[in-house]
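> Just a sequence and a predicted model for now, questions to come.
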Amino acid sequence: MAEIEKKPVKIVETVLRDAHQSLLATRMSTEQMLPIIEKMDKVGYHSVECWGGATFDASLRFLKEDPWERLRKLRDGFKNTKLQMLFRGQNILGYNHYADDVVEYFVQKSIANGIDIIRIFDCLNDIRNLETAVKATKKEKGHAQIALCYTLGDAYTLDYWREIAKRIEDMGADSLCIKDMAGLLTPYAADELVHALKEGTTLPIDLHTHYTSGVASMTYLKAVEAGCDIIDCAMSPLALGTSQPATEVMVETFRGTPYDTGYDLSLLAEIAEYFRPIREKALESGLLNPKVLGVNIKTLQYQVPGGMLSNLVSQLKEAGKEDKYQEVLEEIPRVRKDFGEPPLVTPSSQIVGTQAVMNVISGERYKLVPKESKKIMMGEFGQTVKPFNAEVQKKIIGDATPITCRPADLIEPELPKFEKECAQWKQQDEDVLSYALFPAVAKEFFQYREAQQTKIDQTAADKDSKAYPV
Ligand code: CO
């Protein structure tokens, strides 16, 4: 019998980043992660995604943890596994464009503290916004993975994906990821998409999706059969719903086929056993809302990410206009069209969503315009794949001239200013980066850290004085 060519599919384990970001409001602490990483390190994962995205902000803001310290601890524990992070291009891990010097320094410090693979994306798929981060990653000898935000719309044809894949390879990326943050990619569309990408590039293809619309594991199956090299999964207790397909399920799906991962199921079961009580507790406390675990078909119907839908509900609740939910849902695609049909992902999802809410509750389209909407229309986030609606643009920015260059070309170096501003709190080089991204939150964290240290010093002093009474 002819030997079938083996092509084991590789798995990125997301339980330490995207899974708890999607299901547990990013509240998993370092302490909850450390006891299990020795076992996770034995699985043979392609990588463990464990840093970046919203984890940085959430560590500082809610958990009062230094995210850099978390990274170093994870690095110490994962002796054989590559560590991966999510990086928002010129936005780094924040919501605005930063100067190149900040982007470069952030990449340098991420790699120095233990990251191997940096997944870099831009919310408009404007690849000019990825250049600095990709170059910096290569310079630090890291693996630069460029992620394209998957979305639907007139502009997003197979030709679009094929072409942009080619450009990404030319940029020097080491791999290409399709980032389907909303779970819009259906199984047969995935088959076509992967074939198109493979025509455009020889780079390894990684597929990242969410279970929100209920199709994700079928999508992975079709994608892998079409030649997709890497899939992103989460251990079952924190899988499904708005998170990823379950690792164990995908591993067993491919068992005995040419795509067999070879991972040990009993080891995976032990790891799942560890995360199960974390899930149970989160369900009890309400941190994990059972609502997000079901199928949300509205994401396919309105092509809106699940997280955006829940933001919408809370924005409307605050304004006492919950009855306008349906109207806002219908306004979102119209605003998206006016804004050049961008993918809906942080921060473009917030901008489009907020504008749609304002259009509906004010009773007149673009009567109320948040400053972020102005920025997008001024070209300050970059170029959209389709042109803006000229009439809407005029209404929003008047006679101002929008920029057409890469937005960061207009930003002066920022590090010296940030260094000065946070000098009094600084205990490590990396503190300036925490401060650059989230000045108020970082300052509060630095003050908390100092107070804790004083407390520890005081306890030690008290102990000493008891040992040596004066
Ligand atoms: Co995701």
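That came through fine. Note that the coordinates shown come from a computational prediction; the quantities given were computed from them, not determined experimentally.

> Could you list the single helix or strand in the protein with the lowest mean pLDDT?
helix 306-318 (a mean of 81; mean pLDDT, DSSP states H and E).

> Moving C-terminal from that helix, which element do we reach first?
helix 325-338 (DSSP states H and E).

> any idea of the mean pLDDT in the following helix or strand past that next one?
Downstream of helix 325-338, the next assigned helix or strand under DSSP H and E is helix 348-361. Averaging pLDDT along helix 348-361 yields 94.

> continuing past helix 348-361, what's the next helix or strand?
Assigned by DSSP H and E, the successor of helix 348-361 is helix 371-377.

> in that next one, what counts as buried?
Judged by neighbour count (16 or more other CB atoms under 10 Å), helix 371-377 contains these buried residues: E372, S373, K375, I376, M377. Backbone N, C-alpha and C define where each C-beta goes, glycine included.

> Point out where this protein drops to low pLDDT.
Counting by pLDDT under 70, the chain contains low-confidence residues at 1-3, 463-470.

> Going along the chain, name the strands of it.
10-13, 47-52, 83-87, 117-121, 143-149, 175-180, 205-209, 230-233 (DSSP state E).

> do you know which of the ones you listed lies nearest K73?
Closest to K73 of the strands of the chain, according to CB to CB: strand 47-52, at 10.3 Å.

> returning to what we had before: neighbouring contacts of the least confident helix or strand of the chain?
Outside of helix 306-318, the residues within contact range by CB atoms under 8 Å, 6 or more residues apart in numbering are 22, 182-183, 210, 212, 242, 292, 296, 298-299, 322, 324-325, 328-329, 344, 349-350, 353-354, 357, 361.

> go again using 7 Å as the cut-off
182, 212, 242, 292, 296, 298-299, 322, 324-325, 328, 344, 349, 353, 357 (CB atoms under 7 Å, 6 or more residues apart in numbering).

> Just give me the closest of those to V385.
L344 (13.0 Å).

> Please report the distance of the residue nearest to that closest one when sequence neighbours are not counted from L184.
Sequence neighbours aside, P305 is the residue nearest to L344 in space, at 5.7 Å (criterion: CB to CB, 6 or more residues apart in numbering). Per CB to CB, to the nearest Å, P305 is found 9 Å from L184.

> between the two, which one's more packed in?
Comparing P305 with L184 by other CB atoms under 10 Å, the one with more neighbours is P305, at 26 against 23.

> Isn't that one up against D180?
No - the criterion here is CB atoms under 7 Å, and P305 misses it with D180 at 9.6 Å.

> where exactly do the helices run in the stretch 151-300 of the chain?
158-170, 187-200, 216-225, 247-253, 265-285, 298-302 (DSSP state H, counting those that start in this stretch).

> Tell me how far the residue nearest to L344 lies from V313.
13 Å.

> for L148, same thing?
29 Å.

> between those two, who's got more neighbours?
Ranked by neighbour count (other CB under 10 Å), L148 and V313 place L148 first, with 23 against 12.

> From P187, how far out is the more buried one?
Distance from L148 to P187, by CB to CB: 19 Å.

> got it, and V328?
Distance from V328 to P187, by CB to CB: 30 Å.

> Can you pick out the residue with more neighbours from those two?
V328 (24 against 16).

> Now K324. Nearest residue, chain neighbours left out?
That would be V360: by CB to CB, 6+ apart, it lies 5.1 Å from K324.

> The one you found and E330 touch, don't they?
No - if you go by CB under 7 Å, V360 and E330 don't touch, sitting 8.9 Å apart.

> Show me which of the two is the more surrounded one.
Higher neighbour count among V360 and E330: V360, with 23 against 12, using other CB under 10 Å.

> ok, now which ones touch that one?
With contact set as CB under 7 Å, 6+ apart, V360 has these partners: K324, E327, V328, E331.

> nearest spatial neighbour of the spatially most central residue of the chain, skipping sequence neighbours?
Compute the mean C-alpha point of the chain, and by CA atoms, centre = their mean the closest residue is G53, 4.1 Å away. For G53, ignoring the flanking residues on the chain, the nearest one in space by CB to CB, 6+ apart is L86 at 4.1 Å.

> For that neighbour, give its distance to Q447.
Counting by CB to CB - L86 and Q447 are separated by 28 Å.

> Then G256?
Taking CB to CB, one finds G256 at 56 Å from Q447.

> So for these two, which residue has more residues nearby?
Q447 (11 against 7).

> Tell me how many other residues crowd the nearest residue to that one once chain neighbours are set aside.
Spatial nearest neighbour of Q447, excluding adjacent residues (CB to CB, 6+ apart): W425 at 7.5 Å. Counted with other CB under 10 Å, the neighbours of W425 add up to 17.

> got it, and I351?
I351: 24 neighbours (other CB under 10 Å).

> looking at it, it is touching K375, isn't it?
No - I351 is beyond contact range of K375, at 8.2 Å (criterion: CB under 7 Å).

> coming back round to it: need the residues touching each of P305 and L184.
Shared contacts of P305 and L184, defined by CB under 7 Å, 6+ apart, are found at T299.

> which parts of stretch 283-298 are buried?
Within stretch 283-298, the residues that count as buried by 16+ other CB under 10 Å are L288, V292, L293, N296.

> Give me the distance between the two termini of it.
One end of stretch 283-298 to the other measures 23 Å (CA to CA, to the nearest Å).

> Likewise for stretch 399-407?
End to end - CA to CA - stretch 399-407 spans 19 Å.

> How about the contacts made by Q84?
So Q84 contacts V12, S47, V48, E49, D116, I117, R119 (CB under 7 Å, 6+ apart).

> Pull the most distant pair out of those residues.
V48 and R119 (12.5 Å).

> Report the separation between the residue nearest to T30 when sequence neighbours are not counted and T201.
Leaving aside its sequence neighbours, T30 sits nearest to R70 (CB to CB, 6+ apart; 4.4 Å). Relative to T201, R70 is positioned 34 Å away (CB to CB).

> Of the two, which one has the most company?
For R70 versus T201, neighbours defined as other CB under 10 Å are more numerous around R70 (24 against 20).

> Is that one in contact with E31, as I believe?
No - contact criterion CB under 7 Å: R70 and E31 do not qualify, at 9.8 Å.

> who's in contact with A189?
Residues near A189 by CB under 7 Å, 6+ apart: none.

> wait, Q21 sits on G53?
Yes - contact criterion CB under 7 Å: Q21 and G53 qualify, at 5.6 Å.
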